[in-house]
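*Asks:* Next come a sequence and a model predicted from it.
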Amino acid sequence: MNQDFNKIFKTPKYTGVTLSLLSMFVLAAMFVVWQQFPKSQELESETEISVICDKRLLAPAQKILASFMKECPYRVSIEFLETDQIKTLFHGLNATLPDVLICNEFDLQSSENAALIYSEHIPFAFESAGATDLKTPNFPFVCSIHKKAQKAHVAYSLGRYFSAPSRGQFFLAEAGFTGVDGDRCMLKPTISILVERAYEKEIRSMAKYFSEREGAKIDIVSKTPADANATINLIGKSNAKEYLPDLLIGFGSLGTENSIYSPITRQAGVGASVSFSAKSKKTALRFWKFLQNDT
């Protein structure tokens with residue numbers, strides 16, 4: 001019995017030196033992995049952006065920013081100013097301006113310098129009817145991102161957070177502001193694009209810059225018009241419309257005739273349309289606007 005047992009279950013021929021070397025190898029591998037990941041997380045958590053916000057938004061903005069910093073690995077340095085003080089920020093182009101300016105779009109349009117400095121406005125709320133001066137157009141409050149913001153992807157994340165239905169919109173409604181139809185809250189939103197093959201190279205090169213600046217992921221697929229028509233019609237007739245591409249570029253009115261896509265402005269003869277079921281519709285529209293401004 002013992003002899004049979006010994007034949008089957010043999011004592012491992014590992015020496016103490018071999019085991020020590022194996023242990024050192026495992027520890028070294030663990031150290032390499034440990035060095036890789038925590039550092040990136042630590043650096044991301046140290047990322048800080050500067051914000052100036054209109055005092056009319058003081059109550060909801062404080063709650064939104066506290067929630068944002070709790071949920072996202074970023075820090076925000078904020079200063080609240082009166083509306084008149086915000087208008088004076090643009091009197092000199094040498095003034096130090098924040099990464100994000102949160103104010104009413106009307107106040108930005110009243111300054112020629114503002115358009116030179118802030119490239120993108122993400123609307124997130126309107127003042128209630130009772131608080132609005134009837135003589136003044138009812139412009140939305142916006143998160144405006146500085147053209148030269150070093151951490152633009154964080155600034156865009158904050159703008160999306162303000163306009164997200166389950167995040168910023170909740171606190172704004174609580175404070176009596178009228179909300180907007182923003183995208184769902186995602187730290188790194190994804191937009192899918194179906195592009196006509198003739199435009200693929202150009203779209204891909206522009207998507208890379210947009211993706212890095214806004215902190216969004218862009219999935220691009222190219223097809224011929226015939227293949228695109230077959231794909232869209234097949235998915236459009238199914239119960240899985242959430243799998244439709246968010247944005248169609250270069251396919252004319254494809255998808256608009258059966259009300260699954262909404263046409264948007266043509267640029268240089270190239271048509272585009274956005275899906276009604278797009279999860280990040282506003283981000284997709286900003287990408288199209290970026291393409292228009294860059295061409």
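*Replies:* Perfect, I can see it now.
*Asks:* contacting residues for P140?
*Replies:* Contacts for P140 (CB atoms under 8 Å, 6 or more residues apart in numbering) come out as 104-105, 123-126, 180. Where C-beta positions appear, they are placed from N, C-alpha and C, glycine not excepted.
*Asks:* should've said A61
*Replies:* By CB under 8 Å, 6+ apart, the contact set of A61 is 53, 78, 80, 102.
*Asks:* Can you check the pLDDT for the third one?
*Replies:* In other words, F80. On the pLDDT scale, F80 is placed at 97.
*Asks:* same check, this time on the last one
*Replies:* With respect to pLDDT, I102 has a value of 96.
*Asks:* Could you confirm it falls within a strand?
*Replies:* Yes: assessed with DSSP: H, G, I helix; E, B strand; the rest coil, I102 lies in a strand.
*Asks:* Give the other helices and strands that the top strand by length along the chain contacts.
*Replies:* The longest strand of the chain (DSSP state E) is strand 118-126. Judged by 3 or more CB pairs under 8 Å, 6 or more residues apart in numbering; DSSP states H and E, strand 118-126 is in contact with helix 105-109, strand 141-146, helix 152-163, helix 168-174, strand 178-179.
*Asks:* Parallel or antiparallel, list what pairs with that strand.
*Replies:* If you go by DSSP bridges, strand 118-126 pairs up with strand 141-146 (antiparallel), strand 178-179 (antiparallel).
*Asks:* hey, which of these is tucked in deepest?
*Replies:* Comparing these by mean neighbour count (mean count of other CB atoms under 10 Å), strand 141-146 comes out on top with a mean of 24.
*Asks:* Put the alpha carbons of that strand into CSV.
*Replies:* In CSV, the C-alpha atoms belonging to strand 141-146 read as follows (Å, rounded to 0.1, in the frame of the first residue of the first chain):
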residue,chain,number,x,y,z
PHE,A,141,-26.7,78.9,-18.3
VAL,A,142,-23.6,77.2,-19.8
CYS,A,143,-20.4,75.6,-18.8
SER,A,144,-17.8,77.2,-21.1
ILE,A,145,-14.5,75.5,-21.7
HIS,A,146,-11.3,77.5,-22.2
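*Asks:* so how far is that strand off the chain centroid?
*Replies:* Between the centre of strand 141-146 and the centre of its chain there are 14 Å (CA atoms, centre = their mean, to the nearest Å).
*Asks:* which residues are contacting it?
*Replies:* 54, 57, 97-105, 108, 114, 117-127, 152, 155-156, 158-159, 162-163, 177.
*Asks:* Direction-wise, compare the longest strand of the chain with strand 100-104 and give the angle.
*Replies:* Angle, strand 118-126 to strand 100-104, by axes from the mean of the first three to the mean of the last three CA atoms, to 10 degrees: 50 degrees.
*Asks:* Heading C-terminal from the lowest-mean-pLDDT helix or strand in the chain, find the next helix or strand.
*Replies:* Every helix and strand in the chain was compared by mean pLDDT, DSSP states H and E; the lowest is helix 16-45, with a mean of 47. Next helix or strand after helix 16-45 toward the C-terminus (DSSP states H and E): strand 48-54.
*Asks:* What residues of the helix or strand following that following strand count as buried?
*Replies:* Of the helices and strands lying after strand 48-54 in sequence (DSSP H and E), the nearest is helix 58-71. Neighbour-count burial for helix 58-71 flags 60-61, 63-65, 68 (criterion: 16 or more other CB atoms under 10 Å).
*Asks:* between those, which is closest to Q85?
*Replies:* Of all the buried residues of helix 58-71, Q85 sits closest to A61, with 15.5 Å by CB to CB.
*Asks:* From D54, how far out is the closest one?
*Replies:* Look at A61 and D54: by CB to CB, to the nearest Å, they are 8 Å apart.
*Asks:* ditto for P245
*Replies:* For P245, the distance to D54 - CB to CB - is 37 Å.
*Asks:* How is S238 assigned, secondary-structure-wise?
*Replies:* Under three-state DSSP, the three-state class of S238 is coil.
*Asks:* Same check on K148?
*Replies:* The three-state assignment at K148 reads coil, by three-state DSSP.
*Asks:* From Y118, how far off is it?
*Replies:* Distance, K148 to Y118, using CB to CB: 10 Å.
*Asks:* more neighbours, those two?
*Replies:* Under the neighbour definition other CB atoms under 10 Å, K148 and Y118 were set side by side, and Y118 has more, 23 against 10.
*Asks:* excluding its backbone neighbours, what's nearest that one?
*Replies:* S144 (4.0 Å; CB to CB, 6 or more residues apart in numbering).
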